[in-house]
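**Student:** Take a look and give me a structure for this.
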Amino acid sequence: MPSFKTVARGATTLAFVLAALTAPALAGQTSDHVYSIALNKDGISGFVTIQNVSANKHVNAVQIQPMQQNVSLSMSAWVSCEKPPYSYHSNLVEKTTKMYYGILGLGHGQVWVQNVLYEKQYKPSYAYWKQKGVSNFTEKETVSVNQPDFVVPLSAIKNGPAELRFDPVAIFNQKLQEHVNGGGDKVAFLQQDHLFSVERPISLGAHCYFHKSMNKNSVGGAWETVVVPLTVKYKGDPAINDTPVLSAQIAEGMPNQLQAGPSPLKITQMTFQPNMPHHIGACPATTKIRVNYMGQGKGEIRIVVRDNTLLIHNSAAIPFNASNGPQYYDFEIETLQPAAFYINKTVSHNLSLQVYAKDEKANVWPSAYQTVDNAVWNHRCTPQVNPVIGGAGGGGKVGGYQGNSGGGTSVSPTLQVKPAVVPLPTPGRVQAPTDGDPAVPVIRRAQ
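**Tutor:** Take a look at the predicted model:
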């Protein structure tokens with residue numbers, strides 16, 4: 001039976017990213033085939049530059065985009081294989097040694113993926129044990145490797161759990177909204193340069209093998225995770241202004257513009273429920289959140305909910321008639337099973353509520369939505385005696401359509417359950433590894 005060594009270290013907070021030349025170790029595990037494993041951030045890296053690319057410099061026509069498709073991380077990694085039994089030799093299994101954007105685990109001596117958005121084969125510097133001449137004794141050898149940057153496509157990590165995803169534009173928009181909500185000037189903010197940093201987990205997973213003959217082989221793995229700063233560098237545009245212009249001038253040259261029809265229908269009030277139902281408890285779980293609204297006229301509305309800028313719910317068309325008085329709409333947020341590291345950690349979601357309103361006489365939906373409310377929803381997954389690994393629901397779909405669930409005099413349309421209008425990502429679920437041959441270096445994945 002293999003033995004396991006587990007090391008957990010505290011992750012330090014990086015006060016200033018430019019001073020962070022190495023990353024603090026978050027956690028790690030080794031099996032009896034790996035003596036040690038180490039991972040560090042090397043030097044200054046992890047920057048993504050974004051800027052306004054719109055030729056129209058009006059504040060309402062701003063289009064912020066990243067100037068690169070990847071984020072590069074300069075990392076240094078080391079793996080030392082354990083000294084094998086007498087008459088065996090040991091070495092690194094290069095094929096299953098990888099760098100990961102996310103969190104790993106160890107089961108039955110093998111590395112398995114818990115919560116990962118991107119991975120790539122990676123060769124660290126390493127130590128192994130080779131046989132000494134024709135004898136059965138071994139001696140230790142080291143191999144120094146000139147390690148390349150860990151290059152991560154932004155498209156691979158743009159979506160996913162809040163604690164993992166990295167969307168530079170969404171991060172910037174959140175900071176901009178916080179600035180405006182605090183009484184700051186939007187135009188001045190967009191004209192100036194800014195730096196914003198978040199911390200994300202980067203992991204190294206590796207395997208070493210013991211070999212004597214064709215029928216006498218075994219493999220064991222190890223992993224190490226560090227938190228590294230990823231920095232959004234916004235390049236200000238001094239030409240951005242708020243000079244009054246016609247709406248058509250703002251929209252000119254922008255793609256996917258729809259012609260707005262007559263809209264006497266008006267939603268005068270729409271808010272999240274007063275007491276947000278934060279989730280603290282077992283995960284996976286589903287939380288229902290209510291939206292209350294009222295308005296004038298008759299027609300249809302569509303309700304959109306975003307987590308920062310990530311679309312998490314997009315309703316079908318909902319019939320609206322002001323004569324029905326105050327009305328409500330329920331949607332659901334599904335909380336997935338988290339990686340072990342995130343158990344008992346509170347995750348905050350900055351939700352925004354948006355609405356499209358189309359009058360009964362209009363032929364087209366308006367081209368722009370109206371942001372009507374903001375709220376913070378928190379979840380914290382607590383440890384369970386017998387947790388249900390992986391959850392019972394389907395993939396990463398957030399939101400559900402609730403019918404007239406009773407209560408009060410409000411009228412709510414009965415809607416059929418269907419996928420959101422915009423497809424949502426499906427994060428992996430955590431699944432414990434199944435029994436298998438520990439001599440086979442297999443990267444086990446959450447299903």
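**Student:** can we go C-alpha only for contacts and neighbour counts from here?
**Tutor:** OK.
**Student:** and the nearest residue to residue 351 once chain neighbours are set aside, bridged to which residues?
**Tutor:** Among residues not flanking residue 351 along the chain, residue 307 sits closest, at 4.7 Å (CA to CA, 6 or more residues apart in numbering). Under the criterion DSSP bridges, residue 307 forms beta bridges with residue 310, residue 351.
**Student:** Number of residues surrounding residue 307?
**Tutor:** 21 (other CA atoms under 10 Å).
**Student:** how about it, what does it touch?
**Tutor:** Residue 307 makes contact with 349-352 under the criterion CA atoms under 8 Å, 6 or more residues apart in numbering.
**Student:** could those residues go into JSON lines alongside distance to residue 340?
**Tutor:** Below are the contacts of residue 307 laid out as JSON lines (distance: CA to CA, whole Å):
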{"residue": "349", "distance to residue 340": "20"}
{"residue": "350", "distance to residue 340": "23"}
{"residue": "351", "distance to residue 340": "25"}
{"residue": "352", "distance to residue 340": "29"}
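**Student:** circling back: distance of the residue nearest to residue 351 relative to residue 81?
**Tutor:** Relative to residue 81, residue 307 is positioned 44 Å away (CA to CA, to the nearest Å).
**Student:** Could you break the protein into its assigned domains?
**Tutor:** Annotated domains of the chain cover 4-235, 260-432 [automatic domain parsing].
**Student:** With respect to burial, which of those domains scores highest?
**Tutor:** By mean neighbour count, with neighbours taken as mean count of other CA atoms under 10 Å, domain 4-235 ranks first of the domains of the chain at a mean of 19.
**Student:** where's that domain relative to the chain centroid, distance-wise?
**Tutor:** For domain 4-235, the distance from its own C-alpha centre to the chain's C-alpha centre is 14 Å (CA atoms, centre = their mean, to the nearest Å).
**Student:** swap in stretch 337-345?
**Tutor:** Distance, stretch centre to chain centre, for stretch 337-345: 14 Å (CA atoms, centre = their mean).
**Student:** How confident was the prediction at the residue nearest to the spatial centre of the chain?
**Tutor:** Closest residue to the average C-alpha location of the chain: residue 165 at 2.3 Å, with CA atoms, centre = their mean. pLDDT, residue 165: 91.
**Student:** tell me the contacts of it?
**Tutor:** By CA under 8 Å, 6+ apart, the residues touching residue 165 are 117, 157-159.
**Student:** and the residue nearest to residue 351, what pLDDT?
**Tutor:** If you check residue 307, the pLDDT there is 86.
**Student:** so how far is residue 375 from residue 306?
**Tutor:** 10 Å.
**Student:** Quick check: neighbours shared by these two?
**Tutor:** Listed as contacting both residue 306 and residue 375 by CA under 8 Å, 6+ apart are 351-352.
**Student:** Need the phi and psi values for residue 69.
**Tutor:** phi -100, psi -10 (degrees, to the nearest 10).
**Student:** Would you agree it is in contact with residue 153?
**Tutor:** Yes - using CA atoms under 8 Å, residue 69 makes contact with residue 153 at a distance of 6.0 Å.
**Student:** what helix or strand does residue 179 sit in?
**Tutor:** Secondary-structure assignment from DSSP states H and E places residue 179 in helix 168-181.
**Student:** Next: residue 357.
**Tutor:** For residue 357, the element it lies in under DSSP H and E is strand 346-359.
**Student:** helices or strands up against that strand?
**Tutor:** strand 266-272, strand 298-307, strand 370-381 (3 or more CA pairs under 8 Å, 6 or more residues apart in numbering; DSSP states H and E).
**Student:** how much distance is there from the strand or helix carrying residue 290 to the middle of the chain?
**Tutor:** Per DSSP H and E, residue 290 falls inside strand 285-296. Here strand 285-296 is found 25 Å from its chain centre; the criterion is CA atoms, centre = their mean.
**Student:** cool, and stretch 267-279?
**Tutor:** Offset of stretch 267-279 from its chain centre (CA atoms, centre = their mean): 25 Å.
**Student:** Now tell me what touches that stretch from outside.
**Tutor:** The contact list for stretch 267-279 (CA under 8 Å, 6+ apart) reads 287-296, 353, 357, 372-381.
**Student:** Check the model's average confidence along that stretch for me.
**Tutor:** Averaging pLDDT along stretch 267-279 yields 90.
**Student:** I'd assumed residue 349 was in contact with residue 306.
**Tutor:** No - counting by CA under 8 Å, residue 306 sits too far from residue 349 to count as a contact (9.2 Å).
**Student:** Wait, a helix at residue 44?
**Tutor:** No - secondary structure of residue 44 (DSSP: H, G, I helix; E, B strand; the rest coil): coil, not part of a helix.
**Student:** I figured it hits residue 74, correct?
**Tutor:** Yes - the criterion here is CA under 8 Å, and residue 44 meets it with residue 74 at 7.4 Å.
**Student:** Find residues that contact each of those two.
**Tutor:** With contacts taken as CA under 8 Å, 6+ apart, residue 44 and residue 74 have no neighbour in common.
**Student:** Below-threshold pLDDT in the stretch 1-150 of the chain: ranges please.
**Tutor:** Scanning the stretch 1-150 of the chain for pLDDT under 70 picks out 1-26, 133-136.
**Student:** Could I get the full set of strands for it?
**Tutor:** 4-8, 25-31, 34-41, 47-52, 64-66, 70-73, 75-81, 89-92, 98-107, 110-121, 125-131, 138-143, 150-153 (DSSP state E, counting those that start in this stretch).
**Student:** Redo these as CSV? Include distance to residue 204.
**Tutor:** Below are the strands of the stretch 1-150 of the chain laid out as CSV (distance: least, CA to CA, whole Å):
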stretch, distance to residue 204
strand 4-8, 14
strand 25-31, 9
strand 34-41, 7
strand 47-52, 21
strand 64-66, 27
strand 70-73, 13
strand 75-81, 8
strand 89-92, 13
strand 98-107, 5
strand 110-121, 10
strand 125-131, 12
strand 138-143, 17
strand 150-153, 11
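**Student:** Residue 192: which of these is closest?
**Tutor:** Among these, strand 47-52 comes nearest to residue 192, with 10.6 Å by CA to CA.
**Student:** just the angle between the closest one and helix 168-181, please?
**Tutor:** Interaxial angle of strand 47-52 relative to helix 168-181 (axes from the mean of the first three to the mean of the last three CA atoms, to 10 degrees): 60 degrees.
**Student:** who touches strand 47-52?
**Tutor:** The contact list for strand 47-52, computed with CA under 8 Å, 6+ apart, reads 62-68, 70-72, 168-169, 230-237.
**Student:** again with stretch 210-225
**Tutor:** By CA under 8 Å, 6+ apart, the list of residues contacting stretch 210-225 from outside reads 25-34, 37-39, 84, 87-91, 103-106, 109-111, 201-209, 438-441.
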